[in-house]
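> Sharing a model that was predicted from the sequence below.
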Protein chains: 2
Amino acid sequence: MKKITMKEIAKLANVSQPTVSRVINGNKGVNEEAAKRVLDAIQKVGYVPNKAAQTLKQSNSKIIGVCVSEIYNPYFVELIDTLELEARKKDYNIIFHNSKHNPITEWENIQNFIARQVDGIIIVPTSDYNIQKIKDLRTPAISITQNKKHIDSVGLDHRKGGELAAASFIHSGHNSFAYIGTTPEDEKLIGFKSCLYENGFSFDMKNYIHVEESSTNNYLMRRDLEKYFNRVGQPDFTCVFATNDIVALEFMKLAQEKSLSIPKDIAVIGFDDTFLAKITGLSSVHQPVEKMVKTTFSILMNRIEDGTSSELVDIKLEPTLITRQSSNIKRT
Amino acid sequence: MKKITMKEIAKLANVSQPTVSRVINGNKGVNEEAAKRVLDAIQKVGYVPNKAAQTLKQSNSKIIGVCVSEIYNPYFVELIDTLELEARKKDYNIIFHNSKHNPITEWENIQNFIARQVDGIIIVPTSDYNIQKIKDLRTPAISITQNKKHIDSVGLDHRKGGELAAASFIHSGHNSFAYIGTTPEDEKLIGFKSCLYENGFSFDMKNYIHVEESSTNNYLMRRDLEKYFNRVGQPDFTCVFATNDIVALEFMKLAQEKSLSIPKDIAVIGFDDTFLAKITGLSSVHQPVEKMVKTTFSILMNRIEDGTSSELVDIKLEPTLITRQSSNIKRT
DNA sequence: CTGTTAGCGCTTTCAG
DNA sequence: CTGAAAGCGCTAACAG
């Protein structure tokens, strides 16, 4: 049951092994007859060239390492799926890893990428923890979704996302606002507040609802929200902007259990515009995933092919707001 | 910026290159002093062995190819995540592909696996289309989730799943039943009906609601459901069993838009028990994903290590029903 | 205990 | 146009 190699094909086609290589790689100057014999033989035995040997020889693996920080948020699923599609178009494969918000795991993943001789790395960083080490790698790496200093990145203007949500709430006549997120330093919140201020509204930090980062399951977030409800009883805000669709949905569910009506009592806007938002009617800030992926790839491909260390790329894409039932109501 | 090899390490540590190899592979008999020098050198320059070379030499890649039929159902995300975790434990990497319910894509994916010299293949088949070809591969392959003839498989007792749903509805006092799925031949439906019959109930095929397989987006399913509602106006059943959580949720949303209350007017049970069910309170038939993955791996590992073609393995795991709000009501 | 040697399957000169 | 030969980085005999 041993694997078939070029040598066998060569024998079958009555040519030398390098000639088989030439045929496979579409090299011109090969006798047509011979080429046909080779192709036939390949077809017949179902030969597929050994990528490990190619990698070794050409010192490029045609593999891109992708490491995301989590995967239970469908946004990342969409990202990965789009990434894979784009990679395939460019004849690359993807080795995919999940760091689960753990910098140690993240670094192990990257070590593995190096061992696998990946040609490039695309990463959704857990934090700044490994950025320096990533920068010093001999392999080009780029951060996607998040903008980082020191390495190339293609991110999103999260601040703008926050502004869009705020503007929409203001436009709908709200005047008491809340935010659900994992850190008060989030650009989304900063944008949200700055838009509020610019329009003469205020943001009360007691309406900053804190949830823990959800790595594997969403129970932590849920518990945080429950705790919040238990503490405040009835919320005194009429609209809430959430850091992602999942928390937004959890919030909606909990609110409904408390007999609050969405959007009548409280309007909700989520983030990422995942398919969850689509099937549940949740308004959400949309990220241009495909554009993000294409941009990321084209930058990475340049780095791989060029290698000269030109200036760092730092791109911020524009989000848009998709309004659905959860915030689609005017207050009077 | 060229890659570091064992040769450089050897030079740095003042030993021969094979000695470096010995140290790395934890081979006994190496002078402690020398070993330490080697380790130091490795540490210092951050050397990582080249897997392509190892693969070429040992003719095993330590890669498992995983090809699923879709990814927008979170059930598959959980599957992939669990698969990756298990692979990592066994020092394997995963190359992941999505066939998007397309047999042609599926076969391309498998060809790529072969080119990459994967040691084994785990597949959620799109259909029976490629099974024969997969069987004839020189690489061990196993079907997960679905039971297939001709190749090893670790699936789920879908029929039992249907029975659980039916039994639960009966127990709650329902007597008019519906099913949403992609084919009337689905084992889930067969089990659902057989349990109904055994308990003296009937299943009216006009309550078989057909939806198209959703490959990338869920709009098709949604449209099918809308069409259904438009056709029948008010449904005459009091409970519905759906082939997966996503359709179940779509149905719930649509029903609520029609002012039907869940579970009061219609009780709903989904399938897969994804996190969607958890965050929305949907009852669902649970699959033992971790057990499925572990079983699959252990069978595959055996095939890889052993190679002797012993008898085909065909395992069906038992589902359980998780009851939540969407079906948690007794009719009187 | 350790260095020398060979060879995994492929691509790439280099002759012819 | 095509065969012979070398070598990518590593592991596995085989001597010493």
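Thanks, I have it.

> Can you tell me the SS state at residue A:248?
The three-state label given to residue A:248 by DSSP: H, G, I helix; E, B strand; the rest coil is helix.

> So it sits against residue A:272, correct?
No - in terms of CB atoms under 8 Å, residue A:248 does not count as a neighbour of residue A:272; the distance is 9.4 Å. Backbone N, C-alpha and C define where each C-beta goes, glycine included.

> Mutual contacts of those two, please.
Listed as contacting both residue A:248 and residue A:272 by CB atoms under 8 Å, 6 or more residues apart in numbering or on different chains are residue A:284.

> List the buried residues in the helix ranked longest in chain A.
As assigned by DSSP state H, the longest helix anywhere in chain A is helix A:289-306. By neighbour count with 16 or more other CB atoms under 10 Å in any protein chain shown, helix A:289-306 contains the buried residues A:289, A:292, A:293, A:295, A:296, A:297, A:299, A:300, A:301, A:303, A:304.

> likewise stretch A:22-41?
Buried-residue list, stretch A:22-41, by 16+ other CB under 10 Å: A:22, A:23, A:24, A:30, A:34, A:35, A:37, A:38, A:41.

> Could I get the pLDDT score of the fourth one?
The reference is to residue A:30. Looking at residue A:30, its pLDDT is 79.

> what about residue A:233, neighbour count?
Neighbourhood size, residue A:233 [other CB atoms under 10 Å in any protein chain shown]: 8.

> wait, what's in contact with it?
Counting by CB under 8 Å, 6+ apart, there are no residues that residue A:233 touches.

> how close does it sit to DNA strand D?
For residue A:233, the distance to DNA strand D equals 63 Å [CB to the nearest atom of the strand, to the nearest Å].

> Residue A:250 now?
Residue A:250 is 48 Å from DNA strand D, by CB to the nearest atom of the strand.

> same question, residue A:294
32 Å.

> Chain neighbours aside, what residue packs nearest to that residue?
Excluding the flanking residues, the one nearest residue A:294 by CB to CB, 6 or more residues apart in numbering or on different chains is residue A:86, at 6.3 Å.

> So which bits of the host helix or strand of the one you found are buried?
According to DSSP states H and E, residue A:86 maps onto helix A:74-89. Using 16+ other CB under 10 Å as the test for burial, helix A:74-89 gives A:74-84, A:86-88.

> For those, could you give me TSV that also reports distance to DNA strand C?
Formatted as TSV, those follow (distance: CB to the nearest atom of the strand, whole Å):
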residue	distance to DNA strand C
A:74	38
A:75	38
A:76	34
A:77	34
A:78	34
A:79	32
A:80	29
A:81	29
A:82	29
A:83	25
A:84	23
A:86	23
A:87	19
A:88	19
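
> closest point of the stretch 51-200 of chain A to DNA strand D, which residue?
Relative to DNA strand D, the nearest point of the stretch 51-200 of chain A is residue A:57 (3.6 Å; CB to the nearest atom of the strand).

> hang on, I meant the stretch 151-300 of chain A
residue A:300 (22.1 Å).

> Residue A:103 and residue A:127 touch, don't they?
Yes - contact criterion CB under 8 Å: residue A:103 and residue A:127 qualify, at 5.8 Å.

> ok now do the nearest residue to residue A:84 once chain neighbours are set aside, which residues does it touch?
With sequence-adjacent residues excluded and distances taken as CB to CB, 6+ apart, residue A:84 is closest to residue A:94, at 5.3 Å. Taking CB under 8 Å, 6+ apart as the criterion, residue A:94 is in contact with A:63, A:64, A:65, A:66, A:80, A:83, A:84, A:87, B:95, B:96.

> Would you mark the buried spots in stretch A:187-194?
Those would be A:187, A:188, A:189, A:191, A:192, A:193, for stretch A:187-194 by 16+ other CB under 10 Å.

> now stretch A:195-213
For stretch A:195-213, by 16+ other CB under 10 Å, it's A:195, A:196, A:201, A:203, A:207, A:208, A:209, A:211.

> So which of the residues you listed reach chain B?
Residues of those in contact with chain B (CB under 8 Å from any CB of the partner chain): none.

> I figured residue A:207 was touching residue A:181, is that so?
No - contact criterion CB under 8 Å: residue A:207 and residue A:181 do not qualify, at 11.4 Å.

> If we check DNA strand D, which of the buried residues of stretch A:22-41 are in contact?
A:22, A:30, A:34, A:35 (CB under 7 Å from any atom of the strand).

> Which one among the residues you listed sits at the bottom for pLDDT?
Among those, pLDDT bottoms out at residue A:30, giving 79.

> Quick check: nearest residue in space to that residue, chain neighbours excluded?
Using CB to CB, 6+ apart, the closest residue to residue A:30 is residue A:22 (5.2 Å).

> and the one you found, that's in a strand?
No - going by three-state DSSP, the assignment for residue A:22 is helix, not a strand.

> picking up where we left off before, may I ask which helix or strand encompasses the residue of the stretch 51-200 of chain A closest to DNA strand D?
helix A:51-58.

> Mind listing what's buried along that helix?
Along helix A:51-58, these residues count as buried under the neighbour rule (16+ other CB under 10 Å): A:51, A:52, A:53, A:54, A:55, A:56.

> next one: stretch A:109-126
In stretch A:109-126, counting by 16+ other CB under 10 Å, buried: A:109-110, A:112-126.

> near chain B, anything from that stretch?
Yes - residues of stretch A:109-126 are located near chain B by CB under 8 Å from any CB, namely A:111, A:112, A:114, A:115, A:116, A:117.

> for the first one, what are its contacts?
Residue A:111 makes contacts with residue B:48, as judged by CB under 8 Å, 6+ apart.

> Residue A:284 against residue A:245, yeah?
Yes - here residue A:284 reaches residue A:245: they are 5.7 Å apart, a contact under CB under 8 Å.

> wait, does the lowest-mean-pLDDT helix or strand in chain A contact chain B?
Least confident helix or strand of chain A, by mean pLDDT, DSSP states H and E, is helix A:219-232 with a mean of 82. Yes - using CB under 8 Å from any CB, helix A:219-232 reaches chain B at residue A:222.

> The following helix or strand past that helix pairs with which strands?
Toward the C-terminus, helix A:219-232 is succeeded by strand A:239-242 as the next helix or strand (DSSP H and E). Using DSSP bridges, the strands paired with strand A:239-242 are strand A:177-181 (parallel), strand A:267-272 (parallel).

> can you put those in a markdown table and add mean pLDDT?
Converted to a markdown table, these look like this (pLDDT from 0 to 100):
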| stretch | mean pLDDT |
| --- | --- |
| strand A:177-181 | 96 |
| strand A:267-272 | 97 |
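
> hey, which of those is tucked in deepest?
For the strands paired with strand A:239-242, the largest average neighbour count (mean count of other CB atoms under 10 Å in any protein chain shown) is found in strand A:267-272, namely a mean of 29.

> outside of the helix or strand following that one, which residues touch it?
Toward the C-terminus, strand A:267-272 is succeeded by helix A:275-280 as the next helix or strand (DSSP H and E). Residues outside helix A:275-280 that contact it (CB under 8 Å, 6+ apart): A:74, A:78, A:245-246, A:248-249, A:252, A:270, A:282-284, A:322, A:324, A:326, B:72, B:217-218, B:222, B:246, B:249-250, B:253, B:276, B:280.
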